[in-house]
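let me see the structure of the following:
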Amino acid sequence: MQVPSEIKVKGRSRVLEVAWPDGTRYQLPFEYLRVYSPSAEIRGHGGGEGKLELMKENVRVLRVEPVGMYAVRLHFDDGHDSGLYAWDYLRELGAEYDRKWARYLERCEKLGYERKPPAA
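Sure thing, here's the model as predicted:
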């Protein structure tokens, strides 16, 4: 398990920047992190894709809290803070962003939900 070398909250651009010792760097949008929260509330306790989170276009990360040497807890402005983002999961979210984001958009479309652009 590799530990990130740096984690930055970029509020203006609404991304969490995660850098790794091997030089890999990911820009993870707040909305993406929120809809893919690893919490049991979102992911469920069984298999499958978990709960589809909607209306998170304007969510913000207020704080990043270290949890031991293995994860961070993200505190979102909608009150959600129960997911622990383990280093391996953060790496997965970065590496699989295109596929996971496309799947999220597909699920929204199938439900008939039209995402709104984030407020300025």
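
distance from stretch 18-28 to the middle of the chain?
15 Å (CA atoms, centre = their mean, to the nearest Å).

quick one: contacts of it?
2-7, 10, 13, 15-17, 90-91, 93-95, 97 (CB atoms under 8 Å, 6 or more residues apart in numbering). C-beta coordinates here come from the backbone N, C-alpha and C atoms, glycine included.

mind checking the SS state of Glu65?
Assigned with DSSP: H, G, I helix; E, B strand; the rest coil, Glu65 falls in the strand class.

bridge partners for it, pull those for me.
Beta-bridge partners recorded for Glu65 (DSSP bridges): Arg73.

cool, Tyr26 as well?
Here Tyr26, judged by DSSP bridges, has bridge partners Val18.

tell me how far it lies from Lys110.
Note on Tyr26: its distance to Lys110, by CB to CB, to the nearest Å, is 27 Å.

those two: which is more packed in?
Ranked by neighbour count (other CB atoms under 10 Å), Tyr26 and Lys110 place Tyr26 first, with 17 against 9.

mind checking how far the more buried one is from Arg73?
18 Å.

okay, the worst-scoring helix or strand of the chain on mean pLDDT in PDB with CA atoms only?
Evaluated with mean pLDDT, DSSP states H and E, the helix-and-strand set of the chain has its lowest mean pLDDT in helix 40-43, which scores a mean of 74. This file holds the C-alpha atoms of helix 40-43, laid out as PDB (Å, rounded to 0.1, in the frame of the first residue of the first chain):
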ATOM      1  CA  ALA A  40     -21.600   1.800   4.000                       C
ATOM      2  CA  GLU A  41     -24.500   4.400   3.600                       C
ATOM      3  CA  ILE A  42     -23.500   4.800  -0.100                       C
ATOM      4  CA  ARG A  43     -21.800   1.500  -1.000                       C
END
